[in-house]
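Engineer: Build me a model from this:
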Amino acid sequence: MISIEDLNVRFGDEKSGKHVVKSVSLTVGRGETIGIVGESGCGKSTLLRSLAGLDRHWTGRITLDGKPVDKVRTREQLQMAQMVFQDPYGSIHPRHRIGRILAEPLRAMKLGNGFDRVTVALEQIGLPGHFADRFPHELSGGQRQRVAIARALMLEPAILLLDEPTSALDVSVQAEILNLLSDLQEERQLTFVLVSHDLSVVAHMCDRVLIMKDGAFVDELTKADLQAGRAHSGYSRALFTASFV
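Structural biologist: As a prediction, the model looks like this:
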């Protein structure tokens, strides 16, 4: 479903600019959940934004569902991969009602007014339909993140790009959101790319995990590795210790 070959992201010129993502390559199968883990600032979110079409500073090759994409995406390519951001309050408009927030992707893509699908979208993520009339500040953090997930699903994407989707939430709410994502993936056969700094989160969700450091992948762990606490590099072992001890 996803193929990346020799992806580089650089901000500024070659001499004084910052090389954020360095010659990264990966493939993600249809219906697979892959995790990308690393410390803050290592390039995880930049990689995800390049996949989503939100960042155009990349060079290399990106293929979605077997079709190469350019830096400027077509409408169909934008629909295919949607993103859920870290902060559910910052990623949705504070002065728009929930119904408008959910309808907006369909309106932007000229696929109807979108409001006729809002109630069903809310019910699918475990919220009552009357929440469409509420504002974001009237919802809890977990409810806002559910809305953000529902908005990402409005265009019926095949791929969800998840940028630290639970890190801004309380621990008790984190499990609810992760379970919701797992249920949605099974129901819709979605492909996930989950970015996190927390190995305990990706161990719950992912089929395999890529460890990122200073813009490059330095290790790859299978689900069996995660369950056994097994790592192939000193950096990965340090992440295990920070996450599970």
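Engineer: So for the protein, the centremost residue is which one?
Structural biologist: When CA atoms, centre = their mean is applied to the chain, the residue found nearest the centroid is residue 162 (1.5 Å).
Engineer: Tell me the secondary structure of it, please.
Structural biologist: strand (DSSP: H, G, I helix; E, B strand; the rest coil).
Engineer: shift numbering so it begins at 438
Structural biologist: In the new count, where the first residue is 438, that last one comes out as residue 599.
Engineer: Now for the residue nearest to it when sequence neighbours are not counted: which residues touch it?
Structural biologist: Closest residue in space to residue 599, ignoring its immediate chain neighbours: residue 631 at 4.5 Å, by CB to CB, 6 or more residues apart in numbering. Just so you know, the C-beta spots here come from the backbone N, C-alpha and C atoms, and that holds for glycine as well. Taking CB atoms under 8 Å, 6 or more residues apart in numbering as the definition of contact, the neighbours of residue 631 are 470-473, 599, 602, 638-639, 642-643.
Engineer: would a markdown table of these with secondary structure and distance to residue 518 be doable?
Structural biologist: Putting those into a markdown table (DSSP: H, G, I helix; E, B strand; the rest coil; distance: CB to CB, whole Å) gives the following:
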| residue | secondary structure | distance to residue 518 |
| --- | --- | --- |
| 470 | strand | 14 |
| 471 | strand | 13 |
| 472 | strand | 17 |
| 473 | strand | 15 |
| 599 | strand | 11 |
| 602 | coil | 15 |
| 638 | helix | 21 |
| 639 | helix | 19 |
| 642 | helix | 18 |
| 643 | coil | 18 |
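Engineer: Can you name the two of those residues that sit furthest apart?
Structural biologist: Among these, the pair separated by the greatest distance (CB to CB) is 471 and 602, at 14.4 Å.
Engineer: Look at those two and report which has more neighbours.
Structural biologist: Applying other CB atoms under 10 Å to residue 471 and residue 602 shows that residue 602 carries more neighbours, namely 29 against 22.
Engineer: Go ahead and confirm the more buried one touches residue 583.
Structural biologist: No. Between residue 602 and residue 583 there is no contact under CB atoms under 8 Å: 10.5 Å.
Engineer: Could you name every residue contacting both of those two?
Structural biologist: When contacts are counted by CB under 8 Å, 6+ apart, the set common to residue 602 and residue 583 consists of residue 614.
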